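S.K.: based on what follows, work out the 3D shape:
(chains A and B)
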Amino acid sequence: MSEWAPSRTASFWSLAFRRFMRHRLAVVGIVALGMLAIMALAAPLLAPHSPTTIDPTTFQGRPSSVHLLGTDSVGRDVLSRLIYAARVSLSVGILAVTMYVLIGTSVGAIAGYYGGTVDLVLSRIMDIMLSFPPLIIILFAVSVFGRPSLWNVIIVLGLLGWPAVARLVRGQVMALRHQEFVQAARAIGASDPAVVMRHLLPNAMAPVLVAATFGTANAILVEAALSFLGMGVQPPTPSWGNMLTDAQSLTVLEQMPWLWVPPGFMILISVLTINFVGDGLRDALDPSLKL
Amino acid sequence: MQRYLVRRALVTIPILFGITVMSYFIMSLTPGDPVQMLINPGMSQADVEIKRRALGLDRPVHVRYAKWLNELVHGNLGYSYSTGAPVTKRVGERVAPTLTLTVTALVLSYMIAIPIGVVVATRRYTWIDYAATFLAFLGISLPTFFLGLAGIYVFALRLRWLPVGGTMTLGGDGGLLDLLLHLILPASVLAVAGAGALTRYVRSSMLEVLGQDFVRTARAKGLAEATVLRRHALRNALIPVVTLAGLQIPALLGGAVITEQIFEWPGMGRLTIEAINQRDYPVLMGITLITALLVTLGNLLADITYSLVDPRIRYE
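M.R.: Numbering: from 1, shown residues only, chains lettered A, B, ... in the order given. As a prediction, the model looks like this:
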């Protein structure tokens, strides 16, 4: 970029930062999210027991001084599983979304920049993929991709999530590509990849960042749902979703709330805080989008 | 206008074709052998081969796809691997329960979202606006299965007001009242996420309309505020919101998978889980195809409705 561009960028981001800090729920959200991340990273230090070790003296045990949140159906410590499961949720959220943002940005930039037949074909592919109800096509793909697992979920979400991002980036790039600064860049001989990477994408990234934040919250919800249905992360690996699977039995549901209330709350809190952060980012980065 | 409608309808044809290709592509990647699910240990290798050939599984993928597409055009979606019944029949009998559930949920979510959205739009940046924003995000962030289980715990197990699941009381007459009683909990659970998102849309749509000149004119000529809101603002604000119903369909159908599983509701969602567990890929593909079809038709209807009710829209 030219010499004066950095100062303008800085003022955009510092303005955005100030707007973000005014959004109280978003600030609360980012603090809570930081605590969740610390919990995930420091899980071995925080968890009182191993998340997979079975205590043979108690199963489906009530909360006690040894097991603060009780034990699950095979005698594993619920609190420890709850803490370790943060790793699963956050890694699905971050990795799957990173994957589909990269794919979606590339596809969207190519479609928007080249236009014509390339755009037509890519846009139809996006239309087709967006026609499938997400959870149903994800279930179909997960069941086809062999044994359900954490990586299986990440890859399926990463491979299926890109069309929405691609459509967003395509629109941004199309709106920008005829502007004067882009023509100027081309006039001084910048190659296509350079124009896209240095001039178009940086200016198209704000809405992508917002979409990625909401996407992270959604990916965590989908992982939890898949694991709950037995199609995601498999025990003994703890996931908040698979910790709720047992509650499909009415006995567990009625008599052992310590087995299903805490993981449900953890999903809710993490998804809610990320959504607040997303809302704050939207207000901060794109004040015209007021939803 | 007519030209737009025809062209808009024609655009859906390649999309429908693409949907079939993609469904079949995913299905062709299946690792498990469906024949393994059907044979019993007493069958000989030759019997297994005969079974495989009877199901057409010995042919290459593109031949099977062409054959399948040809059958599809004639209204045949193939046969279930697990029961041998036609897929159209197995999926078909599950469509009505799912539509009952999702349409009820859709109506409920609008009934929640419209009044709240309108009220908070007129009281922007007050505590009630913040409270509604918080609740809307809570609704969007609640995992359907957690909300469903909590709903069963509170309303069915503790208070005993509503049944735990199913569509009718065992041994009951299965009357309309009984169905409604069974419908309340799953439909409400399914409606919550949509209501959260819709409230935000109603609010922003209302705010946009309230800032327009014709609202100022209505106020200037001395109309009561309630009349301005109801007759002038709300009517216009609802146009984009009502057409959003088409865009809600994918989320509703996905949410139905979980809701139906928890509440033992015999719809397509529950069939999806059954088909996955039985590796019944023709049924799974039938569901995928039919739901994608519903989504595509929903989008088409939404676009057409939009162009009909809002004369400002000019497509050409």
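
S.K.: these two touch, right, residue B:294 and residue B:252?
M.R.: No: the pair residue B:294 and residue B:252 fails to qualify as a contact (CB atoms under 8 Å) at a distance of 9.6 Å. The C-beta positions use only the backbone N, C-alpha and C, and glycine is treated the same way.

S.K.: now do the contacts for whichever residue of the stretch 1-150 of chain A sits closest to chain B.
M.R.: As assessed by CB to the nearest CB, chain B sits closest to residue A:135 within the stretch 1-150 of chain A, at 3.1 Å. Counting by CB atoms under 8 Å, 6 or more residues apart in numbering or on different chains, residue A:135 touches A:222, A:225, B:253, B:254, B:255, B:257, B:258.

S.K.: roughly how far apart are the third one and chain A?
M.R.: By that I understand residue B:253. 4 Å (CB to the nearest CB, to the nearest Å).

S.K.: tell me where the chain has helices.
M.R.: Using chain A. A:5-22, A:24-41, A:43-46, A:78-114, A:116-130, A:134-144, A:150-160, A:162-176, A:180-187, A:192-194, A:201-228, A:240-243, A:250-255, A:257-285 (DSSP state H).

S.K.: could you do chain B instead?
M.R.: Applying DSSP H to chain B gives helices spanning B:2-28, B:34-38, B:45-54, B:61-73, B:87-122, B:127-141, B:144-151, B:176-210, B:213-220, B:225-227, B:235-243, B:245-263, B:268-277, B:281-309.

S.K.: could I get those in a markdown table, plus columns for mean neighbour count, distance to residue A:104 and mean pLDDT?
M.R.: Listed next are the helices of chain B as a markdown table, based on neighbours: other CB atoms under 10 Å in any protein chain shown; distance: least, CB to CB, whole Å; pLDDT from 0 to 100:
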| stretch | mean neighbour count | distance to residue A:104 | mean pLDDT |
| --- | --- | --- | --- |
| helix B:2-28 | 15 | 17 | 82 |
| helix B:34-38 | 15 | 34 | 58 |
| helix B:45-54 | 12 | 40 | 74 |
| helix B:61-73 | 14 | 28 | 81 |
| helix B:87-122 | 20 | 28 | 92 |
| helix B:127-141 | 18 | 21 | 92 |
| helix B:144-151 | 24 | 25 | 93 |
| helix B:176-210 | 21 | 21 | 91 |
| helix B:213-220 | 13 | 39 | 90 |
| helix B:225-227 | 11 | 45 | 87 |
| helix B:235-243 | 18 | 25 | 85 |
| helix B:245-263 | 24 | 17 | 89 |
| helix B:268-277 | 24 | 26 | 91 |
| helix B:281-309 | 21 | 20 | 85 |
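
S.K.: hang on, the earlier thing: TSV for the contacts of residue A:135, including distance to residue A:13?
M.R.: Putting these into TSV (distance: CB to CB, whole Å) gives the following:
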residue	distance to residue A:13
A:222	31
A:225	35
B:253	40
B:254	36
B:255	37
B:257	41
B:258	39
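
S.K.: follow-up on the earlier one: winner for burial among the helices of chain A?
M.R.: Per residue and on average, the most neighbours among the helices of chain A fall to helix A:240-243, with a mean of 28 (mean count of other CB atoms under 10 Å in any protein chain shown).

S.K.: if we look at that one, which residues are touching it?
M.R.: Contacts with helix A:240-243, where a contact means CB under 8 Å, 6+ apart, come from A:72, A:78, A:81-82, A:85, A:88-89, A:223-228, A:230, A:232-235, A:259-260, A:263-264, A:266-267, B:143, B:145.

S.K.: quick check: residue A:199 touching residue A:181?
M.R.: Yes: taking contacts as CB under 8 Å, residue A:199 lies within contact range of residue A:181: 6.4 Å.

S.K.: rebuild the helices of chain A as CSV, extending it with distance to residue B:275 and mean pLDDT.
M.R.: Output for the helices of chain A, formatted as CSV (distance: least, CB to CB, whole Å; pLDDT from 0 to 100):
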stretch, distance to residue B:275, mean pLDDT
helix A:5-22, 45, 73
helix A:24-41, 35, 92
helix A:43-46, 36, 88
helix A:78-114, 24, 94
helix A:116-130, 21, 92
helix A:134-144, 9, 87
helix A:150-160, 17, 92
helix A:162-176, 25, 92
helix A:180-187, 49, 88
helix A:192-194, 45, 87
helix A:201-228, 16, 92
helix A:240-243, 21, 92
helix A:250-255, 25, 85
helix A:257-285, 26, 92
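
S.K.: wait, what's in contact with the closest residue to chain A within chain B?
M.R.: Nearest residue of chain B to chain A: residue B:254, at 3.1 Å (CB to the nearest CB). For residue B:254, the contact set (CB under 8 Å, 6+ apart) comprises A:133, A:134, A:135, A:136.
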